[in-house]
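Engineer: Mind looking at a prediction? Sequence and model below.
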Amino acid sequence: MHVEALWRYPVKSLAGEPLSTATIGAAGIAGDRLVRVCGPEGLRCARRHYRLLGLRGTLDANGCARINGYPWDSPDALALVREAAGADAWLEACETPDRFDVLPLLVATDGAVAAFGRDVRRLRPNVVIGGVDGLTEREWVDGQLRIGDAIVRLDSLRSRCHMITIDPDTLRVNPDVLRDVVRRFDNRLCLNAEAIRAGSVRVGDLICFGNADL
């Protein structure tokens, strides 16, 4: 098995950026979910404001989040977010653990993505593992992965939500996607995970799986 892809989402609910190398630690991939969109009611996400997925979050050379190339705290970035999420939306930095929906990492496998049969971006993984047969990931709960210098604990299968119904390119919503995942996968795809040993990883790194300490 090997690292097929790495993804980071500097702004929560926006499209992310592919990486060739990353540092994984207690807060997941460095630079992940540093900024979020809020409104008077609290967090605003693409489950309801699906046009947020049409904006791209990246990090610049200084580690600062950008939205479609604009600094996240600039008037230009705010205008784009308000167009997608409402005129009363705002952006705020967040580095507390609650910026993650479950755990800091989401691990996908190529076998499960193939069974899903749609663009992997709908699943919003951080790490995509290549060389995995079918739905083998479903047998990995409570296991560990050695990826480069890092060791990652696999906690549970991820319950999926309305976000997977949104096409990442056209932003069209197809509720049948979620119905299909409920029917065929009991609404669970990919693995909630966390690093128990920090380290650097890169695309192409070999991966070792085990059910005990690696």
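Structural biologist: Looks like it arrived, so ask away. Model, not experiment: these values are computed from the prediction.

Engineer: can you list the weak-confidence ranges in this structure?
Structural biologist: 212-214 (pLDDT under 70).

Engineer: Pop the domain breakdown of it in here.
Structural biologist: As given by automatic domain parsing, the domain ranges for the chain are 2-7+101-210, 28-99.

Engineer: could you dump these to a markdown table with distance to Ala22?
Structural biologist: No exception for glycine: its C-beta is placed from N, CA and C like everyone else's. Rendered in a markdown table, the data for these read as follows (distance: least, Cβ to Cβ, whole Å):
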| stretch | distance to Ala22 |
| --- | --- |
| domain 2-7+101-210 | 5 |
| domain 28-99 | 5 |
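
Engineer: The ones you listed into TSV, with extra columns for mean neighbour count?
Structural biologist: What follows is the domains of the chain, written out as TSV (neighbours: other Cβ atoms under 10 Å):
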stretch	mean neighbour count
domain 2-7+101-210	18
domain 28-99	17
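
Engineer: quick one: which of the ones you listed is nearest Glu17?
Structural biologist: Comparing the domains of the chain against Glu17 with Cβ to Cβ, the closest turns out to be domain 28-99 (4.8 Å).

Engineer: first vs last residue of that closest one, how far apart are they?
Structural biologist: 11 Å (Cα to Cα, to the nearest Å).

Engineer: next one: stretch 74-93
Structural biologist: The first residue of stretch 74-93 is 13 Å away from its last residue (Cα to Cα).

Engineer: Also stretch 23-33?
Structural biologist: 14 Å.

Engineer: can you check stretch 125-138 too?
Structural biologist: End-to-end distance (Cα to Cα), stretch 125-138: 16 Å.

Engineer: what does it contact?
Structural biologist: Stretch 125-138 is contacted from outside by 1-8, 28-29, 32, 105-113, 115, 120, 145, 147, 152, 157, 185, 188, 190-191, 193, 201, 207, using Cβ atoms under 8 Å, 6 or more residues apart in numbering.
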